[in-house]
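> coords please:
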Amino acid sequence: MGSRRNIAATIGGWSARHRWWALLIWVAFVAVATVAGNAVGTAEMRGYESANGDSRQAEQILDGAGFPDVAGEVVLVQSRTETLTVADPAFRRAVEDVRTAVEATGQVENVRTPYDKEPSPVTPDGRTTLVQFDMKGDGGTADERIQPVLDAVAGVQGAHPGLRVEEAGAASSTKLVGEAIDKDFVRAEQLSLPITLGILLAAFGALLAAVVPVALAMTAIFAATGLLAFTSQILHVDSATSNVMLLIGLAVGVDYSLFYIMREREERSKGRDKKRSLEIAAATSGRAVLISGVTVIVAMAGMFLTGNGVFMGFAEGTILVVLTAVVGSLTVLPALLSLIGDKIDARLIHGTARVLTGGRVTWRRILGVRGGESRVWGAILKPVLRHPLVSALLAGGLLVGLAIPALGLKTGPQTIDDLQGDYQIAETFKRIDEAFPGGNQPAVIVVKAADVTTPAFTAKIEEFKRQALATGEANEPFGVAVNPDKTVAKISIGVKGTGTDEVSEHAVRTLREKVVPATLPGAHVTGATAGSMDFNEQLGRRIPLVFGFVLLLAFVLLLVSFRSLVVALKAIVLNLLSVAAAYGVLVLVFQRGYGESLLGFESTGTITDWLPLFLFVILFGLSMDYHVFILSRIREAYDKGMSTEDAVSYGIRSTAAVVTSAALIMVAVFATFATLSLLTFMQLGIGLAAAVLIDATIVRAVLLPATMKLLGDWNWYLPRWLNWLPRLSHGDDAPEEVPEERVPALV
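This next block holds a predicted model:
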């Protein structure tokens, strides 16, 4: 656009001139979206929508078969000695006491013990059995009625100290584990806001300047959550989508406000009036926000190509929250700054400010917000630009070294082992699985017919059981459930192995390829192991497509934005390096167990299967925030006549404050997820925090300036045949020089 005003400047200018209208429209939008969204309600995906392949077909049949939603529970009764077995009177009394106690609550039905006509399973040594029963009523709300049953089982345990009597199941795990995880998320969310506010107070030293970014981010999250209620009616979402939206929305929303506010304050510190400062901030930082937001949205859109319902829901939610944050930053933020004016720099009470900011001089010099050069960034940047080749080799070597462990990355599904901390029910599940392999995660065979209860069809099911057990890869417990109209049979059978290892996967393949075709042709196999196998197979086919889509579109966006083939290619390479290094950190910490004692977890030896792709998309998008912001400032200085080296030095030093503050906020917010009880979310938090830290330090402070210094004017190389690309302005419209030696005072 050359000297023409860009879109961000046009929008920002209108908002500043019509500030009350801009604020009113934003408040009305947030209010309507939130209220209407709550009224409509978010449509969560059905079970089959998160599955793939054969598992999805099976789950889809079950979804429409009309099976009652029943919460099944089991009580493990296990001898603590080698001699006491299920045949002994003392053992039988304990089992009968369990039956009597749970039935007395009036909350259970279909109780099955090893002494019934259709006995519940018993281990070969006779020392362990299960008492099986179902909770009455809707299975989705059974956790609200399970406490009397848990108390009854605990009473039986107290009366039989020689036996282990412990309960586990759908309702009890939802209550005991679900409540704990919900509390974890509430705590993480409660920590995120004060941490973010505290860092902003330290960065700005002013209450309004700190509150505005948080307020804008939170209103964007509220509005996006409301919009999700409408879009989810078309594309259903996973229940975790709102948590992901909070995480991403807070990160990008605060970042975008930081970019904008700091540039406006910088221009004010140069003596420009309020109107001119806002115009420059809109034309520069506003444009960087727009490019960054579009790049993040493109990266998130890559998840649609996975074909997996969970990923597609994450894409839906994150795109909405990023889009809303961008719109808010370009509209309501300049309106607020125009309204508040210089009051945004109003100080806190002096003593309070010193406590919260850790001392005015030291903290601000570290951040680089004084007229002088940032101590940390200045100390790093000078030797980097003096010895760019050595700096690039050292930093690149460090990232490659961190990335090497990622070559050994192993993925696995979430299991009960993911639950960290002192949870008795988790130990019970493990004991059940040890006594009855596959009992917690059985293979489920779904077969559809005109009538699955006829003698002929019942004989087929019995033949399936015989052949499955004969393989030596399947075992008890075995069960058959039939839907009300007798057209669908759901057969469950335990499989050998842990449910996540090669033994279990081989057992599922045996059922699918040999036993089912020979006995129940046309049936489908699902279950935890089968679902994980189908998920991995689907992801393996789609990952190249997702990576290619994200990288290609990001490359095109950067090429158009900066009119440089080199800048676009180098941005892709640097971002891939930081993501690979984050993968390496995940492997070192969560696979190899370095830091177990520090973080308080026990390694399972794998990374959750959906995490690597999700991290790639999120990290690639978020890392573009810093890259676009810094490159925009460098290009702005270069376009005003600076040499490439001077432009690089100026661009990085003048963005030190915002990049450092934004990175600290992201790292702190993401790190709070490392306090959760689920290992998956610990991995997510550490992976995101490590990647942002690596990206904001090694990549942006060393590799970016070193490679730009080495390439010189080649940084701006654009082949002639691409000269048709539009020319976009990276600065304000005034033909003034950017000061070469001075980092502007930002406060």
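
> CA only for contacts and neighbour counts going forward, please
Will do.

> List the contacts of the residue nearest the centre of the chain.
Taking Cα atoms, centre = their mean, the centroid of the chain lies closest to Val244, which sits 5.2 Å from it. Residues near Val244 by Cα atoms under 8 Å, 6 or more residues apart in numbering: 314, 317-318.

> buried residues in the helix or strand where it lies?
Using DSSP states H and E, Val244 maps to helix 241-269. Buried residues in helix 241-269, counted by 16 or more other Cα atoms under 10 Å: 241-242, 244-269.

> by contact count, what packs against the helix or strand that it is followed by?
Counting by DSSP H and E, the next helix or strand C-terminal to helix 241-269 is helix 274-301. When contacts are defined as 3 or more Cα pairs under 8 Å, 6 or more residues apart in numbering; DSSP states H and E, helix 274-301 packs onto helix 7-17, helix 241-269, helix 309-340, helix 528-562, helix 611-639.

> Report the inter-axis angle for helix 274-301 versus helix 611-639.
150 degrees (axes from the mean of the first three to the mean of the last three Cα atoms, to 10 degrees).

> Any idea how far helix 274-301 is from the middle of the chain?
Centroid separation for helix 274-301 versus its chain: 25 Å, with Cα atoms, centre = their mean, to the nearest Å.

> ok so, going back, from Val186, how far out is the residue nearest to the centre of the chain?
Distance, Val244 to Val186, by Cα to Cα, to the nearest Å: 13 Å.

> Over to Ala456?
Relative to Val186, and taking Cα to Cα, Ala456 is found at 54 Å.

> what does Leu278 give?
Applying Cα to Cα to Leu278 and Val186 gives a distance of 37 Å.

> ok, so what distance separates Leu558 from Leu246?
For Leu558, the distance to Leu246 - Cα to Cα - is 27 Å.

> An error on my part: the question was meant for Thr510.
Thr510 is 43 Å from Leu246, by Cα to Cα.

> what does Ser643 give?
Distance of Ser643 to Leu246, computed by Cα to Cα: 41 Å.

> cool, and Val321?
Distance from Val321 to Leu246, by Cα to Cα: 8 Å.

> shared neighbours, the two?
Shared contacts of Val321 and Leu246, defined by Cα under 8 Å, 6+ apart, are found at Ile221.

> before we move on, the earlier item: neighbour count: Leu278 and Val186, which is higher?
Leu278 (29 against 12; other Cα atoms under 10 Å).

> what's the closest non-adjacent residue to the more buried one?
Closest residue to Leu278 apart from its sequence neighbours, by Cα to Cα, 6 or more residues apart in numbering: Glu264 at 5.8 Å.

> Quick one: the strands in this protein, in order.
Counting by DSSP state E, the chain has these strands, from start to end: 72-79, 108-112, 128-135, 163-169, 411-412, 443-448, 474-482, 488-495, 524-526, 607-608.

> how about Leu337, what does it touch?
Counting by Cα under 8 Å, 6+ apart, Leu337 has contacts 16, 261, 278, 344.

> Just give me the closest of the residues you listed to Phe230.
Within the contacts of Leu337, proximity to Phe230 (Cα to Cα) peaks at Ala16, which comes in at 30.9 Å.

> The residue nearest to the closest one when sequence neighbours are not counted and Lys430, how far apart?
Sequence neighbours aside, Ala335 is the residue nearest to Ala16 in space, at 4.5 Å (criterion: Cα to Cα, 6+ apart). Ala335 sits 57 Å away from Lys430, going by Cα to Cα.

> about what we covered before: was I right about the residue nearest to Ala16 contacting Leu23?
Yes. If you go by Cα atoms under 8 Å, Ala335 and Leu23 touch, sitting 6.6 Å apart.

> Show me which of those two is the more surrounded one.
Neighbour totals were compared for Ala335 and Leu23, and Ala335 leads with 25 against 21 (other Cα under 10 Å).

> Give me the pLDDT for that one.
We note a pLDDT of 89 for Ala335 in this prediction.

> which residues touch it?
12, 15-20, 22-23.

> which of the residues you listed are the two that sit furthest away from each other?
Gly12 and Trp20 (13.2 Å).

> The two: which has the busier surroundings?
Gly12 (29 against 16).
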